[in-house]
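Colleague: Build me a model from this:
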Amino acid sequence: MEKRCKPEAYASFGADDGKCKMDDVKKRLLEVIKGLNDRDRLIVIFYYLQGMNLKDMASILGIPLKNLSKLHAEILTKFSKAFLT
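Modeller: Numbering: from 1, shown residues only. So this is what the prediction gives:
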């Protein structure tokens, strides 16, 4: 089983089994982003890069806020799985 990749910032919490460099973290994040569909990629860009709130994003994307919240949670799950497997 592959060891989890941990950012150097968490190394002090007992991650002596091989520290990941930030380049490795960025590479894994990019892999996940490339695997997202266009709508999900926009959600990531709007929320994390442009600092938009969910209400404004829902309006721009033309989807109900409740659905956007669910989509955002699903995207976060994809990111989590990339680092936990």
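Colleague: As a check, name the ranges of all strands in this protein.
Modeller: Here the chain has no strands by DSSP state E.
Colleague: and the top helix by length along it, what does it pack onto?
Modeller: What stands out as the longest helix in the chain, according to DSSP state H, is helix 65-84. Judged by 3 or more C-beta pairs under 8 Å, 6 or more residues apart in numbering; DSSP states H and E, the packing partners of helix 65-84 are helix 22-35, helix 38-44, helix 54-61. Heads up, the C-betas are built off the backbone N, CA and C, glycines and all.
Colleague: Would you reformat those helices as JSON lines and include mean neighbour count and distance to Ile75?
Modeller: Below are the helices and strands packed on helix 65-84 laid out as JSON lines (neighbours: other C-beta atoms under 10 Å; distance: least, C-beta to C-beta, whole Å):
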{"stretch": "helix 22-35", "mean neighbour count": "12", "distance to Ile75": "9"}
{"stretch": "helix 38-44", "mean neighbour count": "15", "distance to Ile75": "5"}
{"stretch": "helix 54-61", "mean neighbour count": "14", "distance to Ile75": "12"}
